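1. Structural data only, the sequence is not supplied:
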């Protein structure tokens, strides 16, 4: 009888541990804060680069083995360089004001070392926002790697306008070629 009780107890504890480890929190710890912080810092870093006309490293937030994330970096570098050149040449107005973005998290689901996030971004539609900020539903997939959450996938309405593709890598920025193209566009 004692052996059956011990087996039952061990089985019950193992089963309980398995269930707990599948949920978003383990022993009362919630990953929600870390995940939100990763996503919001990712947006903030891009927005700072956009406004300061100086590329800022977004790779700490991204799984760089993914083509989409490589394209995010190339697209941000290109956008910042384009805005900076237009501003330096006085070809046109370059917005340097930051407009409010409200993050409304609708779902954060964590299983093992992966997370799925549904986020609705609210913006002032009367203002000009960077192309990487897309109002409405933004869906993220993240994975925990070496203690940090990394974005592995990001779906949003303006994806084709900014990073162009999730499967075909963009060419690296050719600054001289881009500047010639801008000169032609504005002259």
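-> It's in. Model, not experiment: these values are computed from the prediction.
2. Quick check: chain neighbours aside, which residue is closest to residue 97?
-> Setting aside the residues directly before and after it, residue 97 is nearest to residue 51 in space (C-beta to C-beta, 6 or more residues apart in numbering), at 7.7 Å. No exception for glycine: its C-beta is placed from N, CA and C like everyone else's.
3. residues of the helix or strand hosting that neighbour that come out buried?
-> Applying DSSP states H and E as the criterion places residue 51 in helix 32-52. Buried residues in helix 32-52, counted by 16 or more other C-beta atoms under 10 Å: 34-36, 38-39, 42-43, 45-47, 49-51.
4. Is the residue lying closest to residue 127 once chain neighbours are set aside in a helix, a strand, or coil?
-> Counting by C-beta to C-beta, 6+ apart, residue 127 lies nearest to residue 99, which is 4.3 Å off, once chain neighbours are set aside. Per DSSP: H, G, I helix; E, B strand; the rest coil, the local secondary structure of residue 99 is coil.
5. so residue 99 touches residue 122, yeah?
-> No. Using C-beta atoms under 8 Å, residue 99 makes no contact with residue 122, being 11.2 Å away.
6. hmm, back to that, now do the helix holding residue 51: which elements does it pack against?
-> Applying 3 or more C-beta pairs under 8 Å, 6 or more residues apart in numbering; DSSP states H and E, one finds that helix 32-52 contacts helix 67-89, strand 101-111, strand 114-123, strand 136-145, strand 148-155.
7. pLDDT value on the residue nearest to residue 127, please?
-> Listed pLDDT for residue 99 reads 97.
8. Contacts only, for it.
-> By C-beta atoms under 8 Å, 6 or more residues apart in numbering, the contact set of residue 99 is 123, 124, 127, 128, 129.
9. domains for this structure, by residue range?
-> Here the domain parsing of the chain from automatic domain parsing is 1-28, 31-186.
10. Ranking the ones you listed by mean neighbour count, which comes first?
-> domain 31-186 (a mean of 15; mean count of other C-beta atoms under 10 Å).
11. to the chain's geometric centre, what's the distance from that one?
-> Relative to its chain's centre, domain 31-186 lies at 6 Å (C-alpha atoms, centre = their mean, to the nearest Å).
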